[in-house]
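1. Need a 3D model of the following:
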Amino acid sequence: SGHRPGRKGSGQMQFERLLPEDPNEWELNMKIMCEFSPMDSEAQLLAGLRKIRGDTGTKVQLYNLIEPCEFDFTVADDIQLAKDGLRNFKIKREGQNDTVEVPEDFSLRAYLSVLYLHPRVNILLQNKKVQPNCPIARLDRYVYTCKQHFPHDEKGKPVKSPVKVTLGYSNHTGKLFGIHIYNRNRLIRMYERFGAQLQANNMWKTMLGVMEADCLQPSHNKQEFNTSQILYHKISAHLRSQMRFFYEHKQNVTTAGLTEAMRMKRSRSNRKNAWDSSDEESSEDEGRGASRSRSRPSPSLPQNKKRVRVEPPKSWPEQCRSLLNTLRRRRRGGFF
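-> Have a look, this model is predicted:
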């Protein structure tokens, strides 16, 4: 703008006018800004810049909107797309039900809250700060961080920036599921479905995740990737394999689509984990009981009382063997 910002003793933003080398060019630039902006003079332009909090920043101002306006400014501290009748605006996504509403599609505040994976700037909307809502922080059940992956590009060389994938479940997203894809800390695709999430079954449903793919090249509008690239298909195949591994071996939310062997293996693992946790709790209780008995003995407890240890659940072969032994003892002879 031809001005250098600075601050004086009052703390108010002050601007020092720089003398241009060509005064005619200065006047031409100011004439263009006043003609194609809502500012009518240099004073109004500087007054708008003073509203920026801090020495640096960017101010976005909407003006010259069409009638009827496609934006809704009546929502407090937010700017939303105008409703089509009683329904909000929706982006068509493959595998998404038409009745599901995604707040990030029609609410600017909701979209700005997930725009950056690790925000480094403060964003103010309607003079109110936007609170970041990290998609990884929303995963509160069975969070699994996959090993970093270095795919090979079209020339056969490994990329410099690894692909990072985090999967899990959330109790606060309702019927929303899919993968958020970020490129260099910026959101490109939101609730993208892969693999069984695109099929008409219950597999991989409600699974959420975040993929950081800095090696991909987004489009000029930062809304999609070039799906014709070989590298994109390699990364998509890696993501599907990680989602399958997480669904079959890590998570314990649903068993839809799993084989009977996988379900039995998972149930045995769950019983073993429950038994290990009960052992830890009993050992902690024994330690606390021993410390209490040393500090304050209780003569009312019987001395000959023994702790009864509950045996862990037996496997299927052990249960069959135990049943055969019981029948053999009852018949007082061989079973066969």
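2. hey, let's count contacts and neighbours off CA atoms from now on
-> Fine.
3. P151 contacts S161, correct?
-> No. Between P151 and S161 there is no contact under CA atoms under 8 Å: 9.3 Å.
4. And the strands in the stretch 151-300 of the chain?
-> 163-169, 178-183, 186-192, 208-213 (DSSP state E, counting those that start in this stretch).
5. For E67, which of these is the nearest?
-> Judged by CA to CA, the one of those that comes nearest to E67 is strand 186-192, at 30.1 Å.
6. For the closest one, give the mean pLDDT please.
-> In this model, strand 186-192 carries a mean pLDDT of 95.
7. repeat for stretch 115-132
-> For stretch 115-132, the mean per-residue pLDDT is 92.
8. Return the set of buried residues in stretch 33-46.
-> Neighbour-count burial for stretch 33-46 flags M33, C34, L45, L46 (criterion: 16 or more other CA atoms under 10 Å).
9. can you check stretch 43-56 too?
-> L45, L46, L49, R50.
10. what does stretch 317-329 give?
-> Going by 16+ other CA under 10 Å, stretch 317-329 has no buried residues at all.
11. Could the C-alpha coordinates of it be exported in CSV?
-> Provided in CSV are the C-alpha atoms of stretch 317-329 (Å, rounded to 0.1, in the frame of the first residue of the first chain):
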residue,chain,number,x,y,z
PRO,A,317,-9.6,-77.8,23.2
GLU,A,318,-9.0,-77.5,27.0
GLN,A,319,-12.8,-77.3,27.6
CYS,A,320,-13.4,-80.4,25.4
ARG,A,321,-10.6,-82.3,27.3
SER,A,322,-12.1,-81.3,30.7
LEU,A,323,-15.6,-82.4,29.6
LEU,A,324,-14.3,-85.8,28.5
ASN,A,325,-12.4,-86.3,31.7
THR,A,326,-15.5,-85.5,33.7
LEU,A,327,-17.6,-88.0,31.7
ARG,A,328,-14.9,-90.7,32.1
ARG,A,329,-14.9,-90.3,35.9
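12. quick one: it to chain centroid distance?
-> Here the centre of stretch 317-329 is set off from its chain's centre by 50 Å, with CA atoms, centre = their mean, to the nearest Å.
13. Contact partners for Q251?
-> Going by CA atoms under 8 Å, 6 or more residues apart in numbering, Q251 touches Y142, G168.
14. just use 166 as the starting number from now, easier for me
-> Done: numbering now begins at 166, and the last item shifts to Q416.
15. so who does the closest residue to Q388 other than its chain neighbours touch?
-> Ranked by CA to CA, 6 or more residues apart in numbering and with sequence neighbours excluded, the top spatial neighbour of Q388 is I353, at 4.9 Å. The contact partners of I353, taken as CA under 8 Å, 6+ apart, are H345, I346, Y347, P383, K387, Q388, E389, F390.
16. Run a quick neighbour tally on A426.
-> 9 (other CA atoms under 10 Å).
17. thinking again about what came up before, identify, from the buried residues of stretch 208-221, the entry nearest to K370.
-> L214 (47.5 Å).
18. how close does the closest one get to C199?
-> 14 Å (CA to CA, to the nearest Å).
19. now L332
-> 50 Å.
20. Which of the strands of the stretch 316-465 of the chain sits closest to F271?
-> Using CA to CA, those put strand 351-357 closest to F271, at 13.3 Å.
21. Can you check what angle separates that closest one from strand 373-378?
-> Between strand 351-357 and strand 373-378, the angle comes out at 140 degrees (axes from the mean of the first three to the mean of the last three CA atoms, to 10 degrees).
22. how much does strand 351-357 deviate in direction from strand 343-348?
-> Using the same axes, to 10 degrees: strand 351-357 against strand 343-348 is 160 degrees.
23. Centre of the chain to strand 351-357, how far?
-> For strand 351-357, the distance to the chain centre is 10 Å (CA atoms, centre = their mean).
24. picking up where we left off before, for P383, see how far away the residue nearest to Q388 is.
-> From I353 to P383 the distance is 7 Å (CA to CA).
25. Spit out the residues that contact these two alike.
-> Shared contacts of I353 and P383, counting by CA under 8 Å, 6+ apart, come down to E389, F390.
26. So, low pLDDT: which residues of this protein?
-> Residues of the chain that meet the criterion pLDDT under 70 lie in 166-182, 184, 250-251, 428, 431-479, 495-501.
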